[in-house]
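1. Only the shape, not the letters, is given here:
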Ligand SMILES: Nc1ncnc2c1ncn2[C@@H]1O[C@H](COP(=O)(O)OP(=O)(O)OP(=O)(O)O)[C@@H](O)[C@H]1O
């Protein structure tokens with residue numbers, strides 16, 4: 001595995017008893033990119049993230065984070081030292097005040113960045129004298145972000161970071177992630193908010209029932225991917241599209257939908273040779289997501 005990638009997994013698999021939460025997952029996260037991790041409820045995003053963090057042991061496959069083996073206890077510790085994680089429950093000590101928790105966390109990190117702490121305290125207007133358990137959900141997210149970012153991690157992993165935030169706070173958070181990326185930190189975040197993902201992601205990874213179903217640069221997806229709808233003129237077998245550029249294919253027997261990443265002209269020519277009507281449209285993330293979900297069901 002190359003160490004330039006911040007995350008690389010091969011055949012990563014996790015069974016919980018009879019449930020296969022993650023199946024044979026091979027994915028890569030590039031440095032200094034914002035990578036969005038998408039999938040329906042229960043698709044396996046949190047399980048994957050927990051395996052990357054060494055919180056859950058893989059049943060099979062391998063994974064490296066910043067070059068460190070996630071299955072090795074000592075190396076996994078190094079991963080947690082170098083990266084930051086903002087989870088769904090935020091895992092903050094509620095009995096401390098905001099200021100106490102910041103002081104407490106700061107004491108663990110020699111390379112704590114006081115100017116980042118000061119800037120985010122100001123921007124987020126955190127109530128430093130309040131107990132953490134008494135502050136709002138949005139404020140807790142902001143506090144967790146401050147604690148994560150002031151360590152200046154090489155990689156920050158966030159599990160549904162905008163969940164429960166108001167629109168202004170969402171804007172601030174997305175802007176923070178952009179600033180962090182531009183300053184050299186890699187970002188991996190899971191989300192159900194496709195419009196937010198479209199606003200900031202460089203790359204999109206989508207999983208469904210534990211398997212990777214889409215891996216694309218967002219710009220490439222929006223500018224170059226096409227939906228090709230092929231409608232048979234006469235009844236017959238479902239056409240096959242064993243061609244370069246075909247990413248996904250779905251059919252109801254009469255109509256076939258092809259998601260193409262390239263070779264659109266070649267795919268359209270093939271469809272026309274089958275005496276079918278063909279329609280080509282550009283795509284957005286929501287269409288692709290819904291198509292993949294429909295295909296799976
Ligand atoms: N500790 C566990 N024990 C048993 N099954 C689990 C456990 N954790 C997760 N699962 C199951 O594994 C599958 C994947 O769950 P996971 O939480 O990884 O999905 P997710 O994509 O993060 O979902 P969501 O978007 O709802 O947070 C689900 O079927 C879930 O019920």
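-> Alright, I've got the coordinates. All of these numbers come straight from a predicted model, not from anything done at the bench. Numbers count the residues shown, from 1 in each chain.
2. ok, stretch 281-289 near the ligand or not?
-> No - using C-beta under 6 Å from any ligand atom, we find that stretch 281-289 stays clear of the ligand, coming within 12.8 Å at best. In short, each C-beta sits where N, CA and C put it, glycine included.
3. For residue 268, which non-adjacent residue is closest in space?
-> Once flanking residues are discounted, residue 268 sits nearest to residue 278: 5.3 Å by C-beta to C-beta, 6 or more residues apart in numbering.
4. residues touching that neighbour, list them.
-> Listed by C-beta atoms under 8 Å, 6 or more residues apart in numbering, the contact set of residue 278 reads 228, 229, 230, 231, 268, 271, 272.
5. next one: residue 40
-> Counting by C-beta under 8 Å, 6+ apart, residue 40 has contacts 208, 293.
6. In terms of pLDDT, where does it sit?
-> Confidence at residue 40, expressed as pLDDT, is 91.
7. where does it fall, helix, sheet strand or coil?
-> coil (DSSP: H, G, I helix; E, B strand; the rest coil).
8. Now the phi/psi pair for it, please.
-> phi -70, psi 170 (degrees, to the nearest 10).
9. how close does it sit to residue 204?
-> 15 Å (C-beta to C-beta, to the nearest Å).
10. Excluding covalently adjacent residues, which one is nearest to residue 163?
-> Residue 163 sits nearest to residue 88 (C-beta to C-beta, 6+ apart), 6.9 Å away.
11. Confirm for me that that neighbour is in contact with residue 160.
-> Yes - if you go by C-beta atoms under 8 Å, residue 88 and residue 160 touch, sitting 5.8 Å apart.
12. picking that back up, return the subset of the contacts of residue 278 lying in helices.
-> Of the contacts of residue 278, the ones assigned to helices by DSSP state H are 268, 271, 272.
13. more neighbours, residue 88 and residue 160?
-> For residue 88 versus residue 160, neighbours defined as other C-beta atoms under 10 Å are more numerous around residue 160 (18 against 15).
14. Number of residues surrounding residue 207?
-> Around residue 207 there are 25 residues (other C-beta under 10 Å).
15. which ones are touching it?
-> Residue 207 neighbours (C-beta under 8 Å, 6+ apart): 22, 25, 37, 38, 39, 43, 44, 45, 48, 213.
16. Can you tell me which of these is nearest residue 132?
-> residue 45 (25.9 Å; C-beta to C-beta).
17. how many other residues sit next to the residue nearest to that closest one when sequence neighbours are not counted?
-> Spatial nearest neighbour of residue 45, excluding adjacent residues (C-beta to C-beta, 6+ apart): residue 190 at 4.3 Å. A count of nearby residues for residue 190, using other C-beta under 10 Å, gives 24.
18. Please report the distance of residue 190 from residue 22.
-> For residue 190, the distance to residue 22 - C-beta to C-beta - is 13 Å.
19. do the same with residue 160
-> For residue 160, the distance to residue 22 - C-beta to C-beta - is 17 Å.
20. How about residue 159?
-> 15 Å.
21. One more: residue 212?
-> Distance from residue 212 to residue 22, by C-beta to C-beta: 10 Å.
22. So which of those two has more stuff around it?
-> Comparing residue 212 with residue 22 by other C-beta under 10 Å, the one with more neighbours is residue 22, at 29 against 20.
23. three-state assignment of that one?
-> strand.
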